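>>> Coordinates only, no sequence provided:
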């Protein structure tokens with residue numbers, strides 16, 4: 001008897017599980033266009049910073065392309081070194097977050 005009651009409880013629990021992952025129905029993505037939803041996102045706080053970086057980058061590229069005598073040529077060995085440095089920064093930052 002005890003075994004059957006456990007099985008019945010397990011079956012009842014499985015019946016209560018949502019059929020969609022995380023309880024989000026497939027109509028959610030059709031009815032709510034999440035690509036253009038801004039409420040509750042960080043975009044409204046950082047848009048001006050992103051715009052400043054775009055303007056700065058456009059200025060640097062313009063200087064590089066159109067000003068004679070001003071070339072920003074860096075050796076190709078610099079890119080892997082910066083990649084390693086960035087990776088180490090991320091590792092140490094993650095490690096200190098786990099220590100907290």
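All right, it came through fine. Since we're looking at a predicted model, the values are computed, not measured. Residues are numbered from 1 along each chain as shown.

>>> in this protein, which helix or strand is least confident?
Least confident helix or strand, the chain: helix 26-31 with a mean of 58, by mean pLDDT, DSSP states H and E.

>>> I'd like the next helix or strand past it.
Moving toward the C-terminus from helix 26-31, the next helix or strand (DSSP states H and E) is helix 43-66.

>>> Buried residues, that next one. List them.
Neighbour counts over helix 43-66 (16 or more other CB atoms under 10 Å) mark no residue as buried. Where C-beta positions appear, they are placed from N, C-alpha and C, glycine not excepted.

>>> Just list what that helix packs against, helices and strands only.
Packing contacts for helix 43-66, counted by 3 or more CB pairs under 8 Å, 6 or more residues apart in numbering; DSSP states H and E, involve no helix or strand.

>>> I'd like the distance between residue 95 and residue 85.
Per CB to CB, to the nearest Å, residue 95 is found 16 Å from residue 85.

>>> no wait, residue 40
34 Å.
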